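Novice: Here is the input, now give the coordinates:
(one chain, ligands or ions: 1)
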Amino acid sequence: MSSKQVTLTQVAITTVSINHLGQQVVSELSSEQQAIDEKWMRVAMDQAKLAEAKGEVPVGAVLVKDGELIATGYNLSICEHNPTAHAEIECIQAAGKVLENYRMLGTTLYVTLEPCSMCAGAMVHSRIERVVYGADDLKTGAAGSVVNLLQHEQFNHHVAITKGILADECAAQLSNFFKRRRAEKKALKKQQQLQASQP
Ligand SMILES: [Zn+2]
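Specialist: I've put the predicted structure just below:
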């Protein structure tokens, strides 16, 4: 093997699902599917921007069925004084009203950040078929980073998982928000100190 050989660092995007025998099946995404997933993830990122405009942590979600947008949602926890107002919950609640059904068979939920345990639970109850997420959440992610509640072997429904769609862009959207917020807090503190020091 030539030492000059270039190693491609791009990792193939896969969907992990559970078959009827309870076995894990890993399938590589076709380039067509990846383009579709990226298109919807950008719509979810636009939802995240709406959250950010309200001072919320920018997380956005969309639910899609048969190539059509069913519902959208973004994080509203602070504005609504509601710890359950995550993007996915907002999206699922809106989708239920559109579909007039509490089961969301054959749907795909796109979300910019790995779902937490609450949202993963709601996805199992909704019977969502597949979740596509952007950035990993190493602290509270319930799609594999901390736990995998979407594919728990003893649950009666398993949600297929596609991770890593626009992962870097989704992660940057979040980290830029936190960076900006830290800078704003620091500037505010400095201003307060300055005012306090003035006679
Ligand atoms: Zn959540």
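
Novice: what's the distance between residue 139 and the ion?
Specialist: 12 Å (Cβ to the ion, to the nearest Å). Placement of C-beta: from N, CA and C, glycine included.

Novice: And the strands in the protein, which stretches?
Specialist: For the chain, the strands defined by DSSP state E cover 14-18, 24-28, 60-65, 68-74, 107-113, 130-135, 160-163.

Novice: Could you tell me which residues of this protein lie near the ion?
Specialist: Residues of the chain lying close to the ion (Cβ under 5 Å from the ion) are 86, 116, 118, 119.

Novice: could I get those as TSV with neighbour count?
Specialist: Below are the residues of the chain next to the ion laid out as TSV (neighbours: other Cβ atoms under 10 Å):
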residue	neighbour count
86	25
116	21
118	16
119	28
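
Novice: For residue 13, which non-adjacent residue is closest in space?
Specialist: Once flanking residues are discounted, residue 13 sits nearest to residue 29: 4.5 Å by Cβ to Cβ, 6 or more residues apart in numbering.

Novice: quick one: average pLDDT of the longest helix anywhere in the chain?
Specialist: Ranked by residue count and defined by DSSP state H, the top helix of the chain is helix 167-197. The pLDDT scores in helix 167-197 average 93.

Novice: remind me which residues of the protein are low pLDDT?
Specialist: Low-confidence segments of the chain (pLDDT under 70): 1-10.

Novice: Excluding chain neighbours, give the residue nearest to residue 150 in space.
Specialist: residue 159 (4.1 Å).

Novice: Let me see the contact set for that neighbour.
Specialist: By Cβ atoms under 8 Å, 6 or more residues apart in numbering, residue 159 lies in contact with 120, 123, 124, 128, 129, 130, 131, 150, 151.

Novice: what about the third one, distance to residue 118?
Specialist: In other words, residue 124. 11 Å (Cβ to Cβ, to the nearest Å).

Novice: ok, back up a step: may I see the contacts of residue 159 arranged in a markdown table, with neighbour count as well?
Specialist: As requested, these are exported to a markdown table (neighbours: other Cβ under 10 Å):
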| residue | neighbour count |
| --- | --- |
| 120 | 26 |
| 123 | 27 |
| 124 | 18 |
| 128 | 25 |
| 129 | 18 |
| 130 | 19 |
| 131 | 25 |
| 150 | 26 |
| 151 | 20 |
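
Novice: Looking at the residues you listed, which two lie furthest apart in space?
Specialist: 120 and 129 (14.2 Å; Cβ to Cβ).

Novice: Alright, that wraps it up for me.
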